[in-house]
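Undergrad: Attaching a predicted model along with its sequence, questions to come.
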Amino acid sequence: MGLLTAACAAYASLAAWLWLTLAQGMFWRTDVRLPPRSAPARWPSVAIVVPARDEAGVLPRSLPSLLAQDYPGDAEVILVDDGSTDGTADLARRLAAEQPGLPLTVTSPGDPAPGWTGKLWALRHGMAVARTAPAPEYLLLTDADIAHEPDSLRELVAAATSADLDLVSQMARLRVATPWERLVVPAFVYFFAQLYPFRRINRPGARTAAAAGGCVLLRTGAAVRAGVPDSIRQAVIDDVSLARAVQRSGGRIWLGLAERVDSVRPYPALADLWRMVSRSAYAQLRHRPVLLAGTVAGLVLVYLVPPAALLGGLAAERPAVAWAGGLAWLLMAGTYLPMLRYYRQPALLAPLLPFTALLYLLMTVDSAVQHYRGRGAAWKGRTYARPSDA
């Protein structure tokens, strides 16, 4: 019975990888970049809204890149200091004084109202400040750890106006410097693309919706129609919720990988990466134990069974099991290679994806454990209840 079960698991894993490779929106391809674009006849006005909470460590590398945007139209930067205790607001003003560029407004919304997450409360305040007459035609919502090349805003707006898009989002290239970052970070984006295939999202009339919260260009009119951020005020995974709200209200959305937009936030140790993932993993599963169980089972079948089947099949002299496990592992590593190339990492990391997936499985379980201990969805001193309890 044990050998039969092992064989069934190996064949099921191989079938899953064949389906993922061929039928899951070609999620493994990394050539989804900004769509074809040309300069508009008139450059629309833009307000860049930056929610920031205790970001003094990264602001010197990110805020100057926003102030230095080479944009032909009217643009301004609004930094929303979300209760920082490290001098974020004063640092932002000092950086703006030292570098001529786009005008900067530093403002604070006070503590979040009941039922609001801190980031969305800050975005709400920043968007309200931006909408004072004359209201901007577009909003660039970008995190405080995201650095933009000087032409970033110009290219985003050109893409939105050329393709008549209501939301254009780029997945910023995350920092990959330490051994743990090399092992975990490219896989984070790979798993995200597997859940939300970019090509599927970008099709007209698509049902799948997602965005990358670090860099979102949003048409102001679309935000009003979707009622955001008020309509998603309880969302912990705010970027996906934002994209869904815009799509449901009839807006056209686009998501791809960035070429000149980078996160400067370091995650040097495994503990830093663990907190980054576990703080929202169970929220992604809508705090449902059945979805957690299904996710754990799926991760085991898809990522852990292939190497176990290969090694176990060889040890038990079961060539069919070994072949099934080996082919599944080969497909896994092969689909991971484009992401490693995008992050300029060695191909030797590809066979290690099962180990990385095991780490993500443990992070997800830990996220659920922390939730039931009352410490779930915690970030920078705040812990958020599930939406139904807020």
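TA: Done, it's in. In this text the structure is predicted, and so the values were computed from the model without any measurement.
Undergrad: same for the longest helix along the chain, what does it pack against?
TA: Secondary structure of the chain read by DSSP state H shows that its longest helix is helix 319-342. Judged by 3 or more CB pairs under 8 Å, 6 or more residues apart in numbering; DSSP states H and E, helix 319-342 is in contact with helix 2-23, helix 179-195, helix 305-315, helix 353-372. Where C-beta positions appear, they are placed from N, C-alpha and C, glycine not excepted.
Undergrad: go with 6 Å
TA: helix 2-23, helix 179-195, helix 305-315 (3 or more CB pairs under 6 Å, 6 or more residues apart in numbering; DSSP states H and E).
Undergrad: buried set for that helix?
TA: 321-333, 335-336, 338-340, 342 (16 or more other CB atoms under 10 Å).
Undergrad: Adding mean pLDDT, write the helices and strands packed on helix 319-342 out as TSV.
TA: Conversion of the helices and strands packed on helix 319-342 to TSV gives the following (pLDDT from 0 to 100):
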stretch	mean pLDDT
helix 2-23	91
helix 179-195	97
helix 305-315	96
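Undergrad: Which of these sits closest to P114?
TA: For P114, the closest of these is helix 179-195, at 30.4 Å, according to CB to CB.
Undergrad: now what about that closest one, what contacts it?
TA: F27, L174, V176, Y267, L270, L273, Y336, M339, L340, Y343, Q345, T356 (CB atoms under 6 Å, 6 or more residues apart in numbering).
Undergrad: Mind jotting down where the helices sit in the stretch 101-250 of the chain?
TA: Secondary structure of the stretch 101-250 of the chain by DSSP state H, counting those that start in this stretch: the helices cover 118-130, 152-163, 179-195, 198-202, 220-226, 238-248.
Undergrad: gap between L362 and T356?
TA: 11 Å (CB to CB, to the nearest Å).
Undergrad: Of the two, which one has the most company?
TA: Counted by other CB atoms under 10 Å, L362 and T356 do not tie: T356 has more neighbours, with 20 against 15.
Undergrad: which residues does that one contact?
TA: Applying CB under 6 Å, 6+ apart, the residues near T356 are L183, A187.
Undergrad: again, 8 Å this time
TA: For T356, the contact set (CB atoms under 8 Å, 6 or more residues apart in numbering) comprises L183, V184, A187.
Undergrad: So the first one versus L348, what's the distance?
TA: In this structure, L183 lies at 11 Å from L348, with CB to CB as the measure.
Undergrad: Looking at these two, which one has more neighbours?
TA: Using other CB under 10 Å as the criterion, L183 and L348 rank with L183 on top: 19 against 8.
Undergrad: where does the nearest residue to L358 once chain neighbours are set aside land on pLDDT?
TA: Spatially, and ignoring its direct neighbours in sequence, L358 is nearest to L304 (6.4 Å; CB to CB, 6 or more residues apart in numbering). According to the prediction, L304 has pLDDT 98.
Undergrad: re the thing from before, how far does the longest helix of the chain sit from the chain's center?
TA: 25 Å (CA atoms, centre = their mean, to the nearest Å).
Undergrad: Hmm, the residue nearest to L358 is touching P354, no?
TA: Yes - at 5.7 Å, L304 and P354 qualify as touching, with contact defined as CB atoms under 8 Å.
Undergrad: Show me which residues of stretch 173-193 are buried.
TA: For stretch 173-193, the neighbour count (16+ other CB under 10 Å) marks 173-176, 178, 180-193 as buried.
Undergrad: Quick one: residues in contact with stretch 291-307.
TA: Outside stretch 291-307, the residues that touch it by CB under 8 Å, 6+ apart are 9-10, 12-14, 16-17, 20, 282, 285, 325-326, 328-329, 332, 353-354, 357-358, 360-361, 364-365, 368.
Undergrad: again, 7 Å this time
TA: Contacts to stretch 291-307, defined as CB atoms under 7 Å, 6 or more residues apart in numbering, come from residues 9-10, 12-13, 16, 282, 285, 325, 328-329, 332, 353-354, 357-358, 361, 364-365, 368.
Undergrad: Let me see the contact set for R175.
TA: R175 sits in contact with E181, S263, V264, R265, P266, where contact means CB under 7 Å, 6+ apart.
Undergrad: Show me what the strand ranked longest in the chain is packed against.
TA: Across the chain, the longest stretch assigned as strand under DSSP state E is strand 253-263. If contacts are counted by 3 or more CB pairs under 7 Å, 6 or more residues apart in numbering; DSSP states H and E, strand 253-263 sits against strand 146-148, strand 167-173, helix 198-202, helix 238-248.
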